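A.B. asks: need a structure here:
(2 chains)
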Amino acid sequence: MSAEVTKSLPFPIAESARSGAPSSLEEQVISLFDQFRAPLLRYLRGFQIPVQDAEEILQEVFLSLFQHLRLRRPETNLQGWIFRVAHNLALRSRLRGKRRAGRFSYAPEVSAFAADPAPGPEEVAAARQRQQRLLAVVHALPEQDRFCLTLRAEGLRYREIAEVLGMSLGAVANSIEKSMVRLMRSEGHSNV
Amino acid sequence: MSEYHLSEQDLILAADGELPARRKAEVAAHLESCWACRARMQSLEGTITELVRARNRELNSKLPSADGPRALLRARLAEAAAVPVRRNWFTLPVTSWGRMSVAAGAFVAVFVGIVITFAARVNAEAKPRPITTGETRPITLREVCEYGKAQVISPDIPEDKQRAVFAMYGIKSPKPGEFEVDYLITPDLGGTESIRNLWPEPYSARWNAHVKDQLEQRLHELVCSGKLDLATAQHDMAVDWIAAYKKYVPASAR
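C.D. replies: Numbers count the residues shown, from 1 in each chain, chains lettered A, B, ... in the order given. From the prediction side, this is the model:
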């Protein structure tokens, strides 16, 4: 779904990057950081943790990834691996109660739309209202459903989502179906 | 004309490319023939498109610049790269099968000896002694699951209480980073700050504070998703948290 994660990943990591030229591996990890930073930060907003903590979690994720690759551990489904590590660290951060000022707000903010300087026609205003409504539905979803939907929106397949969240494939499919039905109903469709 | 229509599940799975091959072909054939289902599919795709736009619009504009975090990561990676890789046995280059076999045999023998000798000790260190029985406070499921409501107890344990716990366990001068004085039953699941619910948890043992954090998160998820009742979670954590970890944390998340 997201264009950023549908780009082909630079895997497998080149052998030269791991053995002969460590700086090359560092560059690959930086490249992955650039590719996944926005999707991960968007995902971590669902945990309502401070932005500083989310950034620190990303640092830990990519340092762990560096060690993971240096130790020649499996490279299959690195996207899922990255999200799973970020998810676990975020849960831990949240449970540790590291709550400070500057927290993300997951709720859609009216001001963000109102502040848009482009005075659009009525269709634009209607589209924005529609988007606000959809975000409000997402915000009201049970946490696990919201995680599933957000991971799907960030381009993960059901199997990858199941691995990240420790759920069965069927549970992921049910969760996404339930969320999509709610979204569709908010749009006035009685059924999908 | 079609006599039936596709289910919501079929449409969503088809949109997500998650249908099994055979069903995928059936759904595609149905969509070709059924205008109503095709319209439903287009509505679904339209909602997905708007949701993606809404998320990007709402979130991307607020993302902090990547320059600082990228520079910090680059510095940390350089620091990490300066430390030699601790390769495990199986990544060593093989030069002679004979030599490798003999060395592997010796390694296995030594390893098994070490494991047998120390496994019990490590596990014993990782488990609280019977003096730490765990203690809970009255708490509702809603308080546990609505974020913030269970957080009436600070995760930071006061210094004097930590000293009392170390004294109770006969630890005279703990080194920084050696132990975490932790709640046996986490406050998020109704544990109290009583000394009976506190113990010095080693960081260095296999079953360490970080592993227990994982269990706490998992139990919280299970309780709040209705898959495990709160009393069982509290009981299992208090009785043997290592056994609880093996029971509740899926292998894929370890």
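A.B. asks: From residue B:127, how far out is the spatially closest residue to residue B:169 that is not a sequence neighbour?
C.D. replies: Leaving aside its sequence neighbours, residue B:169 sits nearest to residue B:200 (CB to CB, 6 or more residues apart in numbering or on different chains; 5.4 Å). In short, each C-beta sits where N, CA and C put it, glycine included. Distance, residue B:200 to residue B:127, using CB to CB, to the nearest Å: 12 Å.
A.B. asks: more neighbours, those two?
C.D. replies: Shown here are residue B:200 and residue B:127; by other CB atoms under 10 Å in any protein chain shown, residue B:200 has more neighbours (21 against 18).
A.B. asks: a strand runs through that one, doesn't it?
C.D. replies: Yes - counting by DSSP: H, G, I helix; E, B strand; the rest coil, residue B:200 is located in a strand.
A.B. asks: my guess is it meets residue B:167, correct?
C.D. replies: No - Residue B:200 is beyond contact range of residue B:167, at 10.2 Å (criterion: CB atoms under 8 Å).
A.B. asks: can you pull the buried residues of stretch A:139-149?
C.D. replies: For stretch A:139-149, burial by neighbour count (16 or more other CB atoms under 10 Å in any protein chain shown) applies to A:141, A:144-149.
A.B. asks: what about residue A:174, how many residues close to it?
C.D. replies: Neighbour tally, residue A:174, other CB under 10 Å: 15.
A.B. asks: Sticking with it, tell me its helix or strand.
C.D. replies: Using DSSP states H and E, residue A:174 sits within helix A:169-186.
A.B. asks: what's the answer for residue A:72, then?
C.D. replies: Counting by DSSP H and E, residue A:72 is part of no helix or strand.
A.B. asks: For residue A:37, see how far away it is.
C.D. replies: Going from residue A:72 to residue A:37 by CB to CB gives 25 Å.
A.B. asks: again, but for residue B:82
C.D. replies: 24 Å.
A.B. asks: neighbour-wise, which of those two wins?
C.D. replies: residue A:37 (22 against 8).
A.B. asks: mind listing which of the buried residues of stretch A:139-149 are in helices?
C.D. replies: Within these, residues falling in helices by DSSP state H are A:144-149.
A.B. asks: Is the top helix by length along chain A positioned near chain B?
C.D. replies: Ordering each helix of chain A by length in residues (DSSP H) puts helix A:22-44 first. Yes - against chain B, helix A:22-44 shows contacts by CB under 8 Å from any CB of the partner chain at A:22-23, A:25-26, A:29-30, A:33-34, A:37-38, A:41-42.
A.B. asks: Which of those has the largest number of neighbours?
C.D. replies: Neighbour-wise, the residues of helix A:22-44 next to chain B (other CB under 10 Å) top out at residue A:29, 25 neighbours.
A.B. asks: what sits against it?
C.D. replies: Contacts for residue A:29 (CB atoms under 8 Å, 6 or more residues apart in numbering or on different chains) come out as A:62, A:65-66, A:69, B:73, B:77.
A.B. asks: so where does the closest residue to chain B within chain A fall, helix or strand?
C.D. replies: Of chain A, the residue with the smallest distance to chain B, taken as CB to the nearest CB, is residue A:131 at 3.4 Å. According to DSSP H and E, residue A:131 maps onto helix A:122-140.
A.B. asks: any idea how far residue A:132 is from residue A:150?
C.D. replies: 17 Å.
A.B. asks: Which of those two has more residues huddled nearby?
C.D. replies: Using other CB under 10 Å as the criterion, residue A:132 and residue A:150 rank with residue A:150 on top: 23 against 18.
A.B. asks: So for residue B:182, what pLDDT did the model give?
C.D. replies: Looking at residue B:182, its pLDDT is 82.
A.B. asks: neighbours of it, just the number please.
C.D. replies: Residues lying near residue B:182 (other CB under 10 Å) number 20.
A.B. asks: now do residue B:33
C.D. replies: Quick note: residue B:33 (other CB under 10 Å) scores 10 neighbours.
A.B. asks: so what pLDDT did it get?
C.D. replies: Value for residue B:33, per-residue pLDDT: 92.
A.B. asks: for residue B:19, same thing?
C.D. replies: The per-residue pLDDT of residue B:19 was computed as 90.
A.B. asks: Endpoints of stretch A:165-174, how far apart?
C.D. replies: 14 Å (CA to CA, to the nearest Å).
A.B. asks: Stretch A:134-153 too?
C.D. replies: 13 Å.
A.B. asks: contacting residues around the residue nearest to residue A:182 when sequence neighbours are not counted?
C.D. replies: Sequence neighbours aside, residue A:137 is the residue nearest to residue A:182 in space, at 5.6 Å (criterion: CB to CB, 6+ apart). With contact taken as CB under 8 Å, 6+ apart, residue A:137 is in contact with A:182-183, A:186.
A.B. asks: what do you get for residue B:131?
C.D. replies: The contact partners of residue B:131, taken as CB under 8 Å, 6+ apart, are B:168, B:196.
A.B. asks: do residue B:172 as well
C.D. replies: So residue B:172 contacts residue B:166 (CB under 8 Å, 6+ apart).
A.B. asks: Regarding it, which helix or strand does it belong to?
C.D. replies: Residue B:172 belongs to no helix or strand when assigned by DSSP H and E.
A.B. asks: what about it, distance to residue B:163?
C.D. replies: Taking CB to CB, one finds residue B:172 at 11 Å from residue B:163.
A.B. asks: what does residue B:81 give?
C.D. replies: 40 Å.
A.B. asks: Who has more neighbours out of the two?
C.D. replies: More crowded of residue B:81 and residue B:163, by other CB under 10 Å: residue B:81, with 16 against 13.
A.B. asks: which residues touch that one?
C.D. replies: A:22-23, A:25-26, A:66.
A.B. asks: repeat for residue A:122
C.D. replies: Residues counted as contacts of residue A:122 (CB under 8 Å, 6+ apart): none.
A.B. asks: pLDDT score assigned to it?
C.D. replies: The model's pLDDT for residue A:122 equals 77.
A.B. asks: swap in the one 5 residues further on?
C.D. replies: Model confidence at residue A:127, given as pLDDT, is 78.
A.B. asks: count of residues packed around it?
C.D. replies: The local packing of residue A:127 (other CB under 10 Å) involves 15 other residues.
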